[in-house]
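[1] Provide a 3D model corresponding to the input given below.
(2 chains)
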Amino acid sequence: MALDSKVPKGPLKDKWTDYKNHIDLVNPANKRNIDVIVVGTGLAGGSASATLAELGYNVKAFAYQDSPRRAHSIAAQGGINAAKNYQGDGDSFYRLFYDTVKGGDYRSREANVYRLAQVSANIIDQCVAQGVPFARDYGGLLDNRSFGGVLVSRTFYAKGQTGQQLLLGAYSAMNRQIARGKIEMFNRHEMLDVVKVGGKARGIIARNLVTGEIERHSAHAVVIASGGYGNVYFLSTNAMGSNATAAWKIHKKGAYFANPCYTQIHPTCIPRSGDYQSKLTLMSESLRNDGRIWVPKSMDDVMAIREGRKKPTDLSEDERDYYLERRYPAFGNLVPRDVASRAAKERCDAGYGVNATGEAVYLDFKSAISRYGKEQAKLQHITNPSEAKVYELGQAIVEAKYGNLFQMYEKIVDENPYKTPMMIYPATHYTMGGVWVDYNLMTTVDGLYCIGEANFSDHGANRLGASALMQGLADGYFVLPYTIGDYLSNDIRTGKISTETPEFTAAENEVKERIDFFINNKGEHSVDYYHKKLGKIMWEKCGMARNEQGLKEAMAEIKALREDFWKNVTVPGDANEMNPELEKAGRVADFLELGELFAKDALNRNESCGGHFREESVELDGLQKGEAKRNDEEYAYVSAWEYKGEPADAVLHKEELEFNDIELKQRSYK
Amino acid sequence: MNLTLKIWRQKNASDKGKMVDYKISDISEHMSFLEMMDVLNEQIINLGDEPVAFDHDCREGICGMCSMYINGEAHGPDRGVTTCQLHMRSFKDGDTITIEPFRAAAFPVIKDLVVDRSSFERIQQSGGYISVNTSGNTQDANAIPISKEAADKAMDAATCIGCGACVATCKNSSAMLFVGAKVSQYALLPQGQVEATDRVLNMVAQMDAEGFGNCTNTGACEVECPKGISLENIARMNTEFLKASLKG
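    Numbers count the residues shown, from 1 in each chain, chains lettered A, B, ... in the order given. This next block holds a predicted model:
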């Protein structure tokens, strides 16, 4: 099947408006007869559920947690971008669009990103109207800060809990619709398959995670908003339950999976400390506004620090290598995430890592505390303040900005980051790859939509900070409600979809067989045993840096691991009760397939791009020497994989990316 | 370190349930409490038994799922943390640790340490929102100036993660810290004023209907709250409720 992105004709800035003016609408009386299923209730799924219900559709929403409010969007810290230009520092729709396309290493779809920039301003208005308590300045107006990869202040925030507040906003909008009976909420339910009737998505099979009951749910359209697949690495910043199952199941039923190898490695995570570790914790990128990143210049100092003979605070300014400021003077500590991650890895690979495992660099707030302290002393008319006073005043400012992050760090590491620099290291965070969708956010299956992190479209090969929240809410509040209406306008005479059809029976049987297999297999290894092994292969061979040989090995190793899993996995307990091990088993089974496709996609893309650094593709000379080298002649496309059984047999379809409004050029943050 | 764990095991809502002892060794002080539970479960699975079911998800202290009652305290002995942020350095080699689900009539046990907190959902559905259309046709955000102090206070209330520690720790199983935080967030913001009367009346009525007890100003909820939600919010809810009752 040829890929049709369905991007509307006309000038970039008018595409979305013209599109909205010409789509078919559904009469409000008819919306009452149309059902929509939304799987996932984070920022994308929650906002979509609320808005579709508000419009009059009957929504059935599914979450595996006990409440939509616990979706992992809640953990996003730093902020949400919007081209409001409240600061008057030169922001505009075009600049947000430009930064996002450039930041994504020119691998996103122009029209989608421009639309995202256009609706970004509405998102802030919407959230404020819903009572989201964004940070304010003393004049009562909204405050902003800046994030990596941009030169303007366009990030709106609510302390370090922006994701939480935005999610609670969407959740409150959902609650209003649940109370009205327009959303039927299925908490503690997991989608285990999609049901297609006559080529169209017409329902899902879900498991009630409390009773174990397998349920059939029908609808006129199905929306997948199930988030990212970072847990394919086992260790990631994702929630423990975050999974690829819904996205992978629809892939197996005909939805193409795009750019699976595009994973974001986030530069500011708390380093790993031991083999028992279950996950990694992110520290907001906003810390890079005030924190300076460094490692010691001399190897002697590195060894002294690792052995505890010296403390980082013992080193003077000129004994420190502020490598981001040195290498990228224009952006300094605010380079995009992929650049900052790679630079940290480069220093640690060269032996300059500062913790016991050699996988940590410093994020230091001393300069900021001292700068803020001096400013405060002036404001408070304190003449000749002592160093301690300056420190006290400065610390209060830093605490007001990032207090909860500092507290979180101290709890985990047991060190006071106001006194000694934080240690950070890159970790798997957000997945830019996902289900392929067209401009309407529809997958390659009719009536099957995919929004938020679960789809692929807006971030290219790398996501800039504070843009995931923007995309989730843009898709859910403002894009999908239009595009899905255009599709549903053909369904006003369809009537209720029956769940008593052979298609539902077949899908349900398949789901039940798989569960029976897990319960009855009685192998010798736990699910986590396999998940950890998969994660190790992924990190070592499909991580921040990749090469042809490693990727080929990864494909073979994952296949072998998958075969062993299906022979030797053990799942205790029963199927007809709450059984967290059974839930994990199904998710890891899917990761074991996705992981192999991931490696295959990375192998195909023989260029360095975004978070994907291909060791064979590097700038050999000039100003950019040693930096990642993209190859636009051969790889300016989206790779969309069609399922053909084994992941190794997946067929590649290419959506060639066209850049009419932006010049493709090598990224430079120098 | 080596530990003895006494854990509440209950197969399902109708099972009677009992405390079961487990021995566990080689626990590092750097582990989080939930990582220790992972190690225990791996050990139980390898012995062919059923692991302990417990709620957890983000493991970053923000989702509010990990509802464990440890040594008689919600989320354990450390202050201002959820269970996922509690580290084994808070315990000593040879300790016996008692682990139970959150106990409250309005939070029935589903399995082992997992409880049903859907009563919190129903309270919020009864009025914990601002009735604004989600169409994006709202006024410009800066057209509603809000003083920094009000915004910060609303934010402090809004940081509640709905974990239920306040209920679990209260001798009356009162949910007033939770509901107070929700009511306060909207009461402090200009956007929330239009529906303020109905909101507080409905939310309080639903809270009572769910079987939560009353507040008797003991203040244990504030002490155990992982997000430091202050008692001031209960006072504000009471004021709002009184105002609303007089109006109504």
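[2] any idea whether the nearest residue to residue A:358 once chain neighbours are set aside is helix, strand or coil?
    Of all residues not flanking residue A:358 in the chain, residue A:348 sits nearest, at 6.0 Å (C-beta to C-beta, 6 or more residues apart in numbering or on different chains). Heads up, the C-betas are built off the backbone N, CA and C, glycines and all. Residue A:348 carries the three-state label helix when classified by DSSP: H, G, I helix; E, B strand; the rest coil.
[3] Residue A:348: how many residues sit nearby?
    Residue A:348 has 21 neighbouring residues, counting by other C-beta atoms under 10 Å in any protein chain shown.
[4] Isn't it up against residue A:355?
    No: using C-beta atoms under 8 Å, residue A:348 is not in contact with residue A:355; the gap is 9.6 Å.
[5] Next, give phi and psi for residue A:80.
    For residue A:80, the backbone dihedrals (degrees, to the nearest 10) come out as phi -130, psi 130.
[6] Now the closest residue to it other than its chain neighbours: which helix or strand?
    Take residue A:80 and drop its neighbours on the chain: the residue closest to it by C-beta to C-beta, 6+ apart is residue A:469, 4.1 Å away. Using DSSP states H and E, the element containing residue A:469 is helix A:468-473.
[7] which residues touch that helix?
    The contact list for helix A:468-473, computed with C-beta atoms under 8 Å, 6 or more residues apart in numbering or on different chains, reads A:42-44, A:47, A:73, A:76, A:79-82, A:116, A:120, A:123, A:126-127, A:162-163, A:166, A:170, A:430, A:451-453, A:458-459.
[8] So how do I select the buried members of those residues in PyMOL?
    Of the contacts of helix A:468-473, the buried ones go into a single PyMOL selection, burial set by 16 or more other C-beta atoms under 10 Å in any protein chain shown:
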select buried, chain A and resi 42+43+44+47+73+76+79+80+81+82+116+120+123+126+127+162+163+166+170+430+451+452+453+458+459
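[9] Torsion angles phi and psi at the residue most central in space within chain B?
    Closest to where the C-alpha atoms of chain B average out (C-alpha atoms, centre = their mean) is residue B:163, at 1.8 Å. With angles defined as degrees, to the nearest 10, residue B:163 sits at phi -80, psi -30.
[10] contacting residues for it?
    Residues near residue B:163 by C-beta under 8 Å, 6+ apart: B:64, B:65, B:66, B:67, B:75, B:82, B:226.
[11] Wait, residue A:101 touches residue A:662, no?
    Yes: using C-beta under 8 Å, residue A:101 makes contact with residue A:662 at a distance of 5.5 Å.
[12] and those two? which has more neighbours close in?
    Ranked by neighbour count (other C-beta under 10 Å), residue A:101 and residue A:662 place residue A:101 first, with 26 against 16.
[13] quick one: the more buried one from residue A:16, how far?
    With distances taken as C-beta to C-beta, to the nearest Å, residue A:101 is found 16 Å from residue A:16.
[14] Chain neighbours aside, what residue packs nearest to residue B:98?
    Computed as C-beta to C-beta, 6+ apart, the closest residue to residue B:98 that is not its neighbour in sequence is residue B:6, at 4.6 Å.
[15] In the host helix or strand of that neighbour, which residues are buried?
    Element membership for residue B:6, per DSSP H and E: strand B:3-9. By 16+ other C-beta under 10 Å, the buried positions in strand B:3-9 come out as B:3, B:5, B:7, B:8, B:9.
[16] residues touching the residue nearest to residue B:98, list them.
    B:19, B:20, B:21, B:96, B:97, B:98, B:99.
[17] and with 6 Å instead?
    B:19, B:21, B:98 (C-beta atoms under 6 Å, 6 or more residues apart in numbering or on different chains).
[18] Secondary structure element holding the residue lying closest to residue A:230 once chain neighbours are set aside?
    In space, and not counting its chain neighbours, residue A:230 is closest to residue A:236: 3.8 Å by C-beta to C-beta, 6+ apart. Assessed by DSSP H and E, residue A:236 sits outside every helix and strand.
[19] Give me the neighbour count for residue A:236.
    Considering only other C-beta under 10 Å, residue A:236 is surrounded by 28 other residues.
[20] Residue A:522 and residue A:572, how far apart?
    Distance of residue A:522 to residue A:572, given as C-beta to C-beta: 9 Å.
[21] sorry, that was for residue A:412
    Taking C-beta to C-beta, one finds residue A:412 at 30 Å from residue A:572.
[22] what's the answer for residue A:82, then?
    Distance from residue A:82 to residue A:572, by C-beta to C-beta: 48 Å.
[23] and chain B, what are its domains?
    Under the assignment automatic domain parsing, the domains of chain B span B:3-111, B:117-132+B:143-247.
[24] The most centrally placed residue in chain A in helix, strand or coil?
    The residue lying closest to the centre of chain A (C-alpha atoms, centre = their mean) is residue A:430, at 3.1 Å. Here residue A:430 is strand, with the state taken from three-state DSSP.
[25] Let me know the next secondary structure element after the strand or helix carrying residue B:180.
    Under DSSP H and E, the secondary-structure element containing residue B:180 is helix B:176-187. Note on helix B:176-187: by DSSP H and E, the next helix or strand toward the C-terminus is helix B:196-209.
[26] and that following helix, how far from the chain's centre?
    The chain centre lies 19 Å from the centre of helix B:196-209; the measure is C-alpha atoms, centre = their mean, to the nearest Å.
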